[in-house]
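K.L.:
Sequence plus predicted model, see below.
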Amino acid sequence: MPRLTVRTPDAPIDAPLDMGDPAGEARGIRLTSRYVERDGRPWFPIMGEYHFSRDLPENWERELRKMKAGGVNIVATYMLWIVHEEVRGQVRWDGQRDVRRFVETAARVGLDVVLRIGPWAHGETRNGGFPDWLQELPIAHRTNDPAYLALARGWYAAIEEQVRGLFHASGGPIVGVQIDNELYDQPDHLGRLRELAEEVGMAAPLWVATGWGGAQLPDRALLPVYAGYSDGFWDESTTDWPEFGVMHFTFNTVRDDLSVGADLRDAPAEVDGSATLGADDPWPFATCELGGGMQVAYHRRPLVDSDDVAALALTKLGSGSAWQGYYLFHGATQVIGERSTTQESHATGYPNDLPVRNYDFFAPLGSDGAERPHFHQLRRQHLFLDAFGDRLAASPTTLPAPDEDPVRWAVRGDGERGFLFVNNHQPAVAPLAPVEGVRFDVAFDGAREVTVPMDPFTLHEGVFAFWPLRQPFGSVPAVTATAQPITQFAAGNRTVVLLAATDGVPVELQLEGVAASSVEGAEVAEHGDVVIARPTSEPGLGCEVRVGDTTFVILTPALADAVWRGDIDGRDSVVVWQGSAWFDGGLRLVVPERDQPLAVFPPLEAAEDLAAAPAEGTVFATFLVPGSDIVRPLPTPVFDVAAVAPVRTGGSGGRFSAPDDADFAALAPVAIDVPDELFDEADSVVLRLDWTGDAMRVWAGSTLIADQFWYGRSFDIDLTPHREAIREGGLRLRAFAWAPDSGVYVDARVRPDADAPVLTVNSASLTSVRTLSLS
């Protein structure tokens, strides 16, 4: 039976880094050895990457509001030099390049900002973000060469001028600055870059640099931030699942993944045998690139699932993360410049060929703004961090002895109470087997021992969860449960605690400091001085266990992923809605295809357009949101010829190269008719192509608006910005067929099993995205 002893940790001390606000300062942000502190309390940053210059400014506020509704409290964004100064001396801040407007929008929405200022950024960008003119200069790039530093200073000064007055010290939202990216052996240069940024006027409490790959950082100057991906397009086309994957689904205190960025280094990172890869760092475990999905390259196209993203994030929490940062949280579209495209490619010496436009990354929020399943799964985790993150951040991780336990689990605790994390999920290519007879014993050196659950269970394949151990909720001084905390809120004179049942595990609450007679809605047994409560209802809105003035509502996993929390007309509101939404002063819902229930607390006072529905339980008022016929099927496009792309290799890695402009120009286009009136009836119009092939490009008139290397998922394109071009020049597709002998990696679950080239569109449709605002 799994067993751990959780010791009382030493008190955290100030991190040995030269950053942070002065002690006692209002709104002050400081670093301890264990967590980030804000206003004198542990604070759990939840950071999502969204590239403002790779989206349209008219979308920024809506998409940032979605991010906030998803539980993100910091938006991180790259400053891509090539996008702003493609032509030397012509620095542009217009339109989608307007960083000041973006940062001000983030502040209005209620998000903090971390600027990733480069000069080199990567982000799958041409030259890593360097303009061609800079890349071609005969200077020592990314070093303390005075000629390079002079150019870097000018770039930093241009950024500072745009965001002046928006830094944290001036009451603005910019709380952090990242220096460069993936620089491994130039600590003096990284330190000098921070000095340059401060010399031109940047002032932030947090200064960070990527720490992966065994990066050497300057002493006391930069907090290392780390990465963790479930798969990687940068591996070889012959790899089913990269070797690095296992570490990110296993609880451990290793922070550094040496494989990230390895395809761009001259040699793999090497560390001596005594290296701890960040495990003993005297500062918080912070991440900036937990994979929100995964981009595809031409040679390798990973099929990351939503559960992969959510399980990895949960595993990092159990491993001691004090700062969850996702890359990407919002998908993007690569910019086409005046002189070149801006994606990473073989043509510019990179090992990978990326799509010209598509940088969707299968992120929680797609490049078209779609809210994917892992957006909702991550929101469940983020609601917990918002409500209870101060408890978790202050609690270090305790791990079982290596190789002694068939179950992957960990406890974060303080010697008296904690949270138990368990993960039995890995990607589909390497699933974990069920484990029978599981029961956890956790001894606290400052309190009683906990056994949870009382009866052993079978841990099913794919399950990942965390449970409270002796945590106070409402008026109950200590609760241990086999259900995951989501959030808690006041409802009149009682406290409501939302919990999520765990698949395959009976719900059990172990209550300390209460009388058995005070428990309602559950079968009750006494085990010494602990009351064991097992709900008499199946999980759902009506599954309530009442203990005095505290009500526990136990939801199914699906309903738990449907919990939202935000302000509706200034009232803190909790919503259960299995659809897309965000908060914009009210609650804005995306109209569903069919009628769907909406549960809200406190009740909506102005919902005349909605019919009341029978309530489940005593907490939430329930309404019925009417559905609408929002999807219009289209005639299926047919390609007369299934042409196979020429087989070429290139780039620094000798990998398969994507078909180029000339290759596509030789193909016959296929037209799709888009009725113009649809744009008048919707907030946006999204084209969905369910297709099988190799590579596709889509033009509106003469403008390339989208492309995709096929990897088993639909191709979704927001047509709204291109209405005029479509009206004047039509919408056209060109595509290459999948070759039966292709050496390109595509997941075996979807890889075509055919003897001849495959190019088919299985279905095509237009979705009219409409919204409904409720207050």
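P.N.:
Ah, there it is. Since the structure is predicted, the reported quantities are computational estimates derived from the model, not experimental observations.
K.L.:
what helices or strands is the helix or strand containing residue 312 leaning on?
P.N.:
Taking DSSP states H and E as the definition, residue 312 sits inside helix 306-318. On a contact count with 3 or more Cβ pairs under 8 Å, 6 or more residues apart in numbering; DSSP states H and E, helix 306-318 meets strand 286-291, strand 324-327, helix 373-393, strand 409-413, strand 418-423, strand 464-469. All C-beta spots, glycine's among them, are computed from the backbone N, C-alpha and C.
K.L.:
any idea of the mean pLDDT in the second one?
P.N.:
Confidence for strand 324-327, expressed as mean pLDDT, is 98.
K.L.:
just how off-centre is it within its chain?
P.N.:
Its chain's C-alpha centre and that of strand 324-327 lie 5 Å apart, by Cα atoms, centre = their mean, to the nearest Å.
K.L.:
Also the last one?
P.N.:
Computed by Cα atoms, centre = their mean, the separation of strand 464-469 from the middle of its chain amounts to 21 Å.
K.L.:
by contact count, what packs against that strand?
P.N.:
helix 306-318, strand 418-423, strand 450-459, strand 476-481, strand 483-491.
K.L.:
okay if I get those as TSV plus mean pLDDT?
P.N.:
Below are the helices and strands packed on strand 464-469 laid out as TSV (pLDDT from 0 to 100):
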stretch	mean pLDDT
helix 306-318	98
strand 418-423	98
strand 450-459	97
strand 476-481	98
strand 483-491	98
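K.L.:
returning to what we had before: now for the helices and strands packed on helix 306-318, which one comes closest to residue 681?
P.N.:
Smallest distance to residue 681 across the helices and strands packed on helix 306-318 (Cβ to Cβ): 25.7 Å, for helix 373-393.
K.L.:
Now do that closest one: which elements does it pack against?
P.N.:
Judged by 3+ Cβ pairs under 8 Å, 6+ apart, helix 373-393 is in contact with strand 41-43, strand 46-49, helix 306-318, strand 324-327, strand 483-491, strand 563-568.
K.L.:
what about the closest residue to residue 462 other than its chain neighbours, which SS state?
P.N.:
Nearest non-adjacent residue to residue 462, counting by Cβ to Cβ, 6 or more residues apart in numbering: residue 425, 4.9 Å away. Recorded secondary structure, residue 425: coil (DSSP: H, G, I helix; E, B strand; the rest coil).
K.L.:
Could you report the neighbour count for residue 425?
P.N.:
25 (other Cβ atoms under 10 Å).
K.L.:
Would you mind measuring from it to residue 310?
P.N.:
Distance, residue 425 to residue 310, by Cβ to Cβ, to the nearest Å: 8 Å.
K.L.:
which neighbours do the two share?
P.N.:
The contact sets of residue 425 and residue 310 overlap at residue 464 (Cβ atoms under 8 Å, 6 or more residues apart in numbering).
K.L.:
Need the helices and strands packed on strand 464-469 in a markdown table (columns: distance to residue 671 and mean neighbour count).
P.N.:
Below are the helices and strands packed on strand 464-469 laid out as a markdown table (distance: least, Cβ to Cβ, whole Å; neighbours: other Cβ atoms under 10 Å):
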| stretch | distance to residue 671 | mean neighbour count |
| --- | --- | --- |
| helix 306-318 | 34 | 24 |
| strand 418-423 | 48 | 25 |
| strand 450-459 | 53 | 17 |
| strand 476-481 | 58 | 23 |
| strand 483-491 | 48 | 21 |
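K.L.:
Tell me if I'm right that residue 393 and residue 36 touch.
P.N.:
Yes. Residue 393 lies in contact with residue 36 (Cβ atoms under 8 Å); the separation is 7.4 Å.
K.L.:
Which is the succeeding secondary structure element to the helix or strand bottoming out on mean pLDDT in the chain?
P.N.:
When the helices and strands of the chain are scored by mean pLDDT, DSSP states H and E, strand 611-612 comes last with a mean of 88. Per DSSP H and E, strand 611-612 leads on to strand 621-625 as the next helix or strand towards the C-terminus.
K.L.:
what does the average pLDDT come to for whichever helix or strand comes after that following strand?
P.N.:
Sequence order places strand 631-633 as the next helix or strand after strand 621-625, per DSSP H and E. Computed over strand 631-633, the mean pLDDT rounds to 97.
K.L.:
Could you do stretch 84-103 as well?
P.N.:
pLDDT averaged over stretch 84-103 gives 98.
K.L.:
What separation do you get for residue 195 and residue 144?
P.N.:
Distance from residue 195 to residue 144, by Cβ to Cβ: 11 Å.
K.L.:
If residue 703 is in a bridge, with which residues?
P.N.:
residue 700 (DSSP bridges).
K.L.:
hang on, it packs against residue 725?
P.N.:
Yes. Proximity of residue 703 to residue 725 meets the contact threshold set by Cβ under 8 Å, at 5.6 Å.
K.L.:
which one of the two has more residues nearby?
P.N.:
Ranked by neighbour count (other Cβ under 10 Å), residue 703 and residue 725 place residue 725 first, with 17 against 12.
K.L.:
Just say helix, strand or coil for that one.
P.N.:
Applying three-state DSSP: residue 725 is helix.
K.L.:
which residues touch it?
P.N.:
700-701, 703, 705.
K.L.:
Same check on residue 246?
P.N.:
Residues near residue 246 by Cβ under 8 Å, 6+ apart: 426, 430.
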